[in-house]
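> Dropping a prediction and its sequence here:
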Amino acid sequence: MLALKEKSGDYYKVSFPDGREGYVPAAESIKYAEWVASRQPSSDNLVSTSKQLLGLPYLWGGTSFKGVDCSGFTKTVYFMNGLVLPRDASQQIHMGELVDTSKGWSNLQPGDLLFFGVPAKEGKSERVVHVGMWIGGDQEFIHSAGRVKISSMNPEAANYDESELKRFLRAKRITPEDAVVDLRKTALYQ
């Protein structure tokens with residue numbers, strides 16, 4: 001997102017956060033009000049957005065198309081659908097509604113967040129170290145681990161991820177009401 005200064009022919013003159021100015025093709029841009037009005041954080045849209053990031057490299061602290069870490073990935077997917085989540089997995093896990101996975105994965109819906117780490121025990125606090133997003137299919141989730149990729153909880157699947165299954169903690173369902181900010185209802189960038 002860039003600040004629009006003026007339209008000049010087929011280009012928008014924009015300013016960057018550091019004060020530099022530049023031009024972007026108007027045909028390849030959309031004004032913020034139009035963009036935010038088109039956001040629909042449905043399960044299908046969350047999955048579609050997440051798959052657009054497949055292959056993106058892992059970058060610690062990353063939240064852009066240059067690279068993402070695990071929580072930067074989920075934050076970016078939700079942001080691109082109009083919802084702002086906290087930055088880190090250890091914060092994201094405190095949002096939304098707990099999804100019961102005690103009898104398997106059947107209660108999960110595409111877009112639900114899966115959290116991984118070390119459970120609390122013997123005076124030590126739980127440690128949340130990874131997050132991914134459920135996409136359905138063959139018990140599949142998408143996450144940033146080395147790169148953005150799709151893994152499965154199904155031991156019979158070619159993309160089965162035993163190490164993530166072993167450190168799975170719980171799943172949460174995030175609704176627009178749970179988000180830190182629903183951009184569709186807040187004049188954050190206007």
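Arrived safely. Remember, predicted model here, so these are calculated numbers, not experimental data. Numbering: from 1, shown residues only.
> so how many other residues sit close to Ser151?
When counting by other Cβ atoms under 10 Å, one arrives at 22 neighbours for Ser151. For glycine as for every other residue, the C-beta is placed from the backbone atoms N, C-alpha and C.
> Where does it sit: helix, strand or coil?
Here Ser151 is recorded as strand under DSSP: H, G, I helix; E, B strand; the rest coil.
> For Val118, list the residues it contacts.
Applying Cβ atoms under 8 Å, 6 or more residues apart in numbering, we find Val118 in contact with Lys124, Glu126, Arg127, Val129, Arg167.
> filter those residues to the buried ones?
Neighbour-count burial (16 or more other Cβ atoms under 10 Å) applied to the contacts of Val118 gives Arg167.
> who touches stretch 68-76?
Under the contact criterion Cβ under 8 Å, 6+ apart, stretch 68-76 has outside partners 50, 53, 56, 58-64, 84-89, 91-92, 113, 130-133, 143-145, 148.
> what about the protein, any weak spots by pLDDT?
Residues of the chain meeting the criterion pLDDT under 70: 188-190.
> Show me the helices in it, by range?
32-37, 43-52, 70-79, 89-92, 162-166 (DSSP state H).
> can you list those helices in TSV and add mean neighbour count and distance to Tyr23?
Shown next, in TSV, are the helices of the chain (neighbours: other Cβ atoms under 10 Å; distance: least, Cβ to Cβ, whole Å):
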stretch	mean neighbour count	distance to Tyr23
helix 32-37	14	18
helix 43-52	17	25
helix 70-79	25	25
helix 89-92	19	36
helix 162-166	12	44
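> So for Glu177, which of those sits nearest?
With distances scored as Cβ to Cβ, the stretch of the helices of the chain nearest to Glu177 is helix 70-79 (13.3 Å).
> Thank you kindly, that will do.
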